[in-house]
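Novice: Got a predicted structure plus its sequence, pasted below:
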Amino acid sequence: MGLFRRPEPLSDGVAAPREPGLWSRGFGLAATRSLQTLAVLALVAVGVLVITQLSLVFIPVTIALILASAIHPLVALMRRKGVPSILATWIALIGIIVILGGIVWVIVLTVRSQWDDLVESTTDGIAQVTAWLGTLPFDISAIDLDDVWASAGEFLTSASFGRGALAGVSATASFFTGLALMIVVLFFFLKDGPRIWEFLLRPFTGTSYERARRIGDKTVDVFGGYIRGTSIVAAADALGIGIGLAILQIPLAIPLAVIVFLTAFIPLVGATAAGILAALVALVTHGPVAALIVVGIVVLVNQLEGNFLQPVVMARSLKLHALVILLALTTGTILGGIVGAVLSVPIAAVAWGIITVWDGPHTPARPFRKKRPEEV
């Protein structure tokens, strides 16, 4: 009786249609959906909490997975050419370390060689900017440098600075620990990646196994395509802005170009932020006119990248709306700072890629299938 009342048979022996229960209509259905939503949100919250508490493990493993996905075609090619698996792995790993180490070495060497000139140019540039500010029609109060130096000295001798220094030492130790873990995990991903994934898929059979295989293949494809495509776009940004800085004879043109390359891995805002930094260097070393020219170069390069290069290179790997990218960047920055901003977009792209192959190689999950024309 009540909710669980058995349907009464009709005169010909056929059961009468069952009346909808209390929890399948009206407020009952709304309550059911609300409980399901709360359960999903609770699960997501627990997952985010676990990730933030285990960030020293999660971030290196994720970076290793992204790098392994990007380099996997090269390792597979060497294996097809007859190179032993362990040798191909070592070649790829050492190649990554040499490239990253070379970038750091170029930055350090260039900064050291141009540091004195930069300090001298910066001093002259600040004097010129100060003199220019004095010509403005409104009054700008001069800054008392003695008070500035006194405040800086008080901060350097304060307990807050000491706690900050200790926090910096701890952060440095965590960085090198994560770096070592990332290199080790990357080695095993390059060497035994498919075997590790097959081991993780042992509990699955039938349709679940095929779905898990599609998810793994899509994850590798999206991560690899994202990194390779972003590297091409970042190299184009760095080359264009670097050439412009070199023509204008802006100090530290090479390190600034490298910074443009690295920050381009943060979509929408990365290359622009690096361009602003380059404009500031140009402002204090060569004056407002050079800074405006640098701004124009940055805008031109970004327009060429956004309208021509990125749609071609990133079309397959990053099928996300700009609003989704912005929200992912904001969420990643809040949860993980700069590293979160870098990882948030490829993770969001992978999540969408998994949805698109959930029910088949070209069949998205049922709620996300296109059911009607969506163009306005």
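Specialist: Received the coordinates, thanks.
Novice: drop to CA atoms for contacts and neighbour counts, all remaining ones
Specialist: Will do.
Novice: just the helices in this protein please.
Specialist: In the chain, the helices defined using DSSP state H lie at 26-53, 55-80, 85-134, 145-156, 159-200, 206-247, 253-263, 270-286, 288-304, 310-313, 322-356.
Novice: rank those by mean pLDDT and give me the bottom one.
Specialist: Among those, helix 145-156 has the lowest mean pLDDT, at a mean of 53.
Novice: ok, back up a step: using TSV, lay out the helices of the chain together with mean neighbour count and distance to F368.
Specialist: Output for the helices of the chain, formatted as TSV (neighbours: other CA atoms under 10 Å; distance: least, CA to CA, whole Å):
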stretch	mean neighbour count	distance to F368
helix 26-53	12	17
helix 55-80	19	26
helix 85-134	15	38
helix 145-156	11	55
helix 159-200	15	27
helix 206-247	20	16
helix 253-263	23	32
helix 270-286	23	31
helix 288-304	18	32
helix 310-313	16	23
helix 322-356	19	8
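Novice: For stretch 67-83, give me every contacting residue.
Specialist: By CA atoms under 8 Å, 6 or more residues apart in numbering, the residues outside stretch 67-83 that reach it are 85, 88-89, 92, 186, 189-190, 220-221, 223-225, 227-228.
Novice: which of those lies closest to V48?
Specialist: F223 (20.6 Å; CA to CA).
Novice: what sits against the spatially closest residue to the closest one that is not a sequence neighbour?
Specialist: Excluding the flanking residues, the one nearest F223 by CA to CA, 6 or more residues apart in numbering is I66, at 5.4 Å. By CA under 8 Å, 6+ apart, I66 lies in contact with 220, 223-224, 227.
Novice: Surely A274 is in contact with I259?
Specialist: Yes: A274 is within contact range of I259, at 6.4 Å (criterion: CA atoms under 8 Å).
Novice: quick one on the thing from earlier: include distance to P367 when you put the helices of the chain into a markdown table, please.
Specialist: A markdown table is the format used below for those (distance: least, CA to CA, whole Å):
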| stretch | distance to P367 |
| --- | --- |
| helix 26-53 | 15 |
| helix 55-80 | 28 |
| helix 85-134 | 41 |
| helix 145-156 | 56 |
| helix 159-200 | 27 |
| helix 206-247 | 17 |
| helix 253-263 | 36 |
| helix 270-286 | 34 |
| helix 288-304 | 36 |
| helix 310-313 | 27 |
| helix 322-356 | 10 |
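Novice: Out of those helices, flag the one nearest K370.
Specialist: Across those, K370 has its closest neighbour in helix 322-356 (11.1 Å, CA to CA).
Novice: How far does the closest one sit from its chain's centre?
Specialist: 6 Å (CA atoms, centre = their mean, to the nearest Å).
Novice: do the same with stretch 358-368
Specialist: Taking mean C-alpha positions (CA atoms, centre = their mean), stretch 358-368 and its chain are 25 Å apart.
Novice: for stretch 218-234, same thing?
Specialist: For stretch 218-234, the separation from the chain centroid amounts to 11 Å (computed by CA atoms, centre = their mean).
Novice: How about stretch 58-71?
Specialist: 12 Å.
Novice: Just the C-alpha atoms of stretch 294-308, please, in PDB.
Specialist: Only the C-alpha atoms of stretch 294-308 are listed here, as PDB (Å, rounded to 0.1, in the frame of the first residue of the first chain):
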ATOM      1  CA  VAL A 294      56.500  47.300 -27.400                       C
ATOM      2  CA  VAL A 295      52.800  47.400 -26.400                       C
ATOM      3  CA  GLY A 296      52.000  47.700 -30.100                       C
ATOM      4  CA  ILE A 297      54.200  44.700 -30.900                       C
ATOM      5  CA  VAL A 298      52.600  42.600 -28.200                       C
ATOM      6  CA  VAL A 299      49.100  43.500 -29.400                       C
ATOM      7  CA  LEU A 300      50.100  42.700 -33.000                       C
ATOM      8  CA  VAL A 301      51.600  39.300 -32.100                       C
ATOM      9  CA  ASN A 302      48.700  38.300 -30.000                       C
ATOM     10  CA  GLN A 303      46.200  39.200 -32.700                       C
ATOM     11  CA  LEU A 304      48.200  37.200 -35.300                       C
ATOM     12  CA  GLU A 305      48.300  34.200 -32.800                       C
ATOM     13  CA  GLY A 306      44.600  34.400 -31.900                       C
ATOM     14  CA  ASN A 307      43.200  34.900 -35.400                       C
ATOM     15  CA  PHE A 308      45.500  32.700 -37.500                       C
END
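Novice: Next, work out how far apart S69 and P60 are.
Specialist: 14 Å (CA to CA, to the nearest Å).
Novice: nearest to T263, of the contacts of stretch 67-83?
Specialist: Out of those, the member with the shortest distance to T263 (by CA to CA) is I227, at 13.0 Å.
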